[in-house]
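Trainee: Show me how the following folds:
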Amino acid sequence: EIIDKYYEGQEELKQLLLMHSRQVADKAMEVLDLHPEIEADRTFVYVLIVLSIVISAGIGVLAFNVATQVDEGITSGAQYYSAIVGPAGSNTQLAMNTMYFTDSPVGTIPYSVVSSLQQDQRVDSVIPFAMADNYNGYNVVGTTPAYLKNKSVAKGEMFTSTETMQAVVGSNIAKYCDLEVGDLIYTSHSASGTDTHTQGLTVVGILEESHSSFDNVVFTQIKTLWDMHDHGEEHGEHEEGEEHQHTHGTVCAILINTKNPGYAMQLVQEYDGKIITTEDDDNYTLQAIEPMSIVRDVLNDADDTKYIVFVLCAVILIMNIMIISIITLLNMYHSAKEISLMRLIGISMKKINLLYIIQNSIMGLVSVLLAFGVSRICMSLMNGYVESMGVVLNMSKVYPMEFIILLAVFIISVLPTVIWTFCMSRKDSIAD
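Mentor: Sure, this is the predicted structure:
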């Protein structure tokens, strides 16, 4: 179009220009063939841009998703109970152990405390909780069906309050241990699995996947734990060096729902620090906590760490954005001769600009998609560590803010190209 405009009626000169332009282009391609390192340098630049975008977007998406899921997981678990009563010790350990199955139990208290609370008119429900033994590294919890009232059974049925030696397992246990309803499992005293109980538990149900710590626990009737440990103590000692508590007639904690929040505060004040003396003259000092209060303290401490992580992510993001911009501009600068050559053979600047914008847009789009995939891979690698906090990451959970982060990085990655092509258009000496 440009050539026709300036060479109208001068066919010979026009053909001479086209022939010369073709010869120049062929010579340029010949030079490129003789110097393959030029193409290698360009490939390296493209790889560097993609890597910078993947790091920038991946870190932002990963940090936001994990922090949000941890906050939601910890907060939601604490809303089930008004108060928790257990042995004296760390209140944080008591809360995390009973609601998220982390750490080890603080200790045990007599079951008589459960009976006393069940007769209290201020109490709506009382749920005993005991943690002892493990199955293939997964914790075994003894309780009542009421503890799982908010959970759905995907296969089979819930264990009953009357029958012992039944178990309901979390979805991850069923998946990774290849368990089905009706299978017999044998728990052990030690994490190594060498001191196994002779009595097995029958799997009567498999919980529906909840992406929570419940997916990684074996649940059974609390009397089952008492019976198994009484049976085990008649046949020998536990492994040497293994810390193991006698559980018959005792519980690790008591989870309470009161008829109104005021009663919860009264019970906490009444039972916190209370000393119980059994018929055997054993003394137990109790503690009572409000779960949400403890969780708020934990989250407040975690918030400081989270903000530090976000600041570091922001710094990395800004640095990578600067790198992306500089590399992109340098790449476009080195493409100036190619652009001049294309202009010389009659390609309009508008088409050249569109070509480079589409090229960098495709590269940016592929990069942010890779970043999203990398963030999911990192989440799966982090899941084991996060599970120690009582939260199971849901790989399929995506938040709207993640799309905003990816979109922002994509726009920033394409912006230098748009700016450069605009500046080139204004400096162009050949009018369209």
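Trainee: where do the helices sit along the stretch 101-250 of the chain?
Mentor: Along the stretch 101-250 of the chain, counting by DSSP state H, counting those that start in this stretch, helices occupy 112-118, 171-176, 222-235.
Trainee: which strand of this protein spans the most residues?
Mentor: Longest strand in the chain, counting residues (DSSP state E): strand 123-135.
Trainee: of all the helices of the stretch 101-250 of the chain, which lies closest to Asp281?
Mentor: Across these, Asp281 has its closest neighbour in helix 112-118 (13.7 Å, C-beta to C-beta). Heads up, the C-betas are built off the backbone N, CA and C, glycines and all.
Trainee: helices and strands around that closest one, which ones?
Mentor: Counting contacts by 3 or more C-beta pairs under 8 Å, 6 or more residues apart in numbering; DSSP states H and E, helix 112-118 packs against strand 123-135, strand 253-258.
Trainee: re the thing from before, any chance of the helices of the stretch 101-250 of the chain in TSV with distance to Pro261 as columns?
Mentor: Formatted as TSV, the helices of the stretch 101-250 of the chain follow (distance: least, C-beta to C-beta, whole Å):
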stretch	distance to Pro261
helix 112-118	17
helix 171-176	33
helix 222-235	27
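Trainee: Out of these, which gets nearest to Gly262?
Mentor: helix 112-118 (16.5 Å).
Trainee: Give me the contacts around the closest one.
Mentor: Contacts to helix 112-118, defined as C-beta atoms under 8 Å, 6 or more residues apart in numbering, come from residues Val85, Val123, Val126, Pro128, Val251, Ile254, Ile256, Leu267, Ile276, Thr278, Leu286.
Trainee: min pLDDT across those, which one?
Mentor: Within the set of the contacts of helix 112-118, pLDDT is lowest for Thr278 (84).
Trainee: Look up the closest residue to it, ignoring the ones flanking it.
Mentor: What sits nearest to Thr278 in space, not counting adjacent residues and going by C-beta to C-beta, 6 or more residues apart in numbering, is Pro110, at 5.3 Å.
Trainee: Then Pro128?
Mentor: Val251 (4.4 Å).
Trainee: on that earlier part again, name the stretch among the helices and strands packed on helix 112-118 that sits most buried.
Mentor: With neighbours taken as mean count of other C-beta atoms under 10 Å, the helices and strands packed on helix 112-118 reach their highest mean count in strand 253-258, at a mean of 23.
Trainee: how far does the helix or strand following that one sit from the chain's center?
Mentor: Using DSSP states H and E, the helix or strand that follows strand 253-258 towards the C-terminus is helix 261-271. Relative to the chain's own centre, helix 261-271 is displaced by 35 Å; criterion: C-alpha atoms, centre = their mean, to the nearest Å.
Trainee: okay, the angle between helix 261-271 and strand 123-135?
Mentor: Angle, helix 261-271 to strand 123-135, by axes from the mean of the first three to the mean of the last three C-alpha atoms, to 10 degrees: 60 degrees.
Trainee: Render the CA-only coordinates of helix 261-271 in CSV, please.
Mentor: Extracted C-alpha coordinates of helix 261-271, given in CSV (Å, rounded to 0.1, in the frame of the first residue of the first chain):
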residue,chain,number,x,y,z
PRO,A,261,-23.3,-18.1,75.1
GLY,A,262,-23.6,-16.8,78.7
TYR,A,263,-23.7,-20.3,80.0
ALA,A,264,-20.4,-21.1,78.2
MET,A,265,-18.6,-18.3,80.0
GLN,A,266,-20.0,-19.5,83.3
LEU,A,267,-18.8,-23.1,82.7
VAL,A,268,-15.3,-21.8,81.7
GLN,A,269,-15.0,-19.8,84.9
GLU,A,270,-16.4,-22.8,86.9
TYR,A,271,-14.2,-25.6,85.5
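Trainee: Can you name the next helix or strand after that helix?
Mentor: strand 275-277.
Trainee: now for the helices of the stretch 101-250 of the chain, which one comes closest to Asp71?
Mentor: The nearest among these, by C-beta to C-beta, is helix 171-176 at 21.6 Å.
Trainee: And the closest one, what's buried?
Mentor: Ser171, Asn172, Ile173, Ala174 (16 or more other C-beta atoms under 10 Å).
Trainee: Can you pull the poorly scored residue ranges out of the stretch 101-250 of the chain?
Mentor: 190-194, 231-248 (pLDDT under 70).
Trainee: mind redoing it with 90?
Mentor: Applying pLDDT under 90 to the stretch 101-250 of the chain flags residues 101-104, 132-134, 136-137, 149-150, 161-164, 188-199, 209-213, 225-249.
Trainee: Spell out, range by range, the strands that occur in it.
Mentor: 109-110, 123-135, 138-143, 153-156, 166-169, 184-185, 201-207, 217-221, 250-251 (DSSP state E, counting those that start in this stretch).
Trainee: Check the offset of the helix or strand where Ile411 lies from the chain's centre.
Mentor: Counting by DSSP H and E, the element that carries Ile411 is helix 400-427. Computed by C-alpha atoms, centre = their mean, the chain-centroid distance of helix 400-427 equals 29 Å.
Trainee: list the contacts for the closest residue to Cys252 other than its chain neighbours?
Mentor: Excluding its sequence neighbours, the residue lying closest to Cys252 (C-beta to C-beta, 6+ apart) is Pro105, at 3.9 Å. The neighbourhood of Pro105, defined by C-beta under 8 Å, 6+ apart, consists of Gly86, Asn97, Ala130, Met131, Gln245, Cys252, Ala253.
Trainee: Could you give the backbone dihedrals for Pro105?
Mentor: Main-chain dihedrals, Pro105, degrees, to the nearest 10: phi -60, psi 150.
Trainee: what about it, distance to Trp226?
Mentor: Relative to Trp226, Pro105 is positioned 15 Å away (C-beta to C-beta, to the nearest Å).
Trainee: can you give me the helices in the stretch 251-400 of the chain?
Mentor: 261-271, 291-334, 336-344, 349-387, 400-427.
Trainee: Tell me which of the ones you listed sits nearest to Gln69.
Mentor: Nearest to Gln69, of the helices of the stretch 251-400 of the chain and by C-beta to C-beta, is helix 349-387 at 7.9 Å.
Trainee: elements contacting the closest one?
Mentor: helix 37-77, helix 336-344, helix 400-427.
Trainee: residues of it that come out buried?
Mentor: 349, 352-353, 356, 360-361, 363-364, 367-368, 370-372, 374-376, 378-379, 386-387.
Trainee: show me what contacts the closest residue to Thr285 other than its chain neighbours?
Mentor: In space, and not counting its chain neighbours, Thr285 is closest to Ala88: 4.0 Å by C-beta to C-beta, 6+ apart. Contact analysis of Ala88 by C-beta under 8 Å, 6+ apart lists Val106, Gly107, Gly273, Thr285, Leu286, Gln287.
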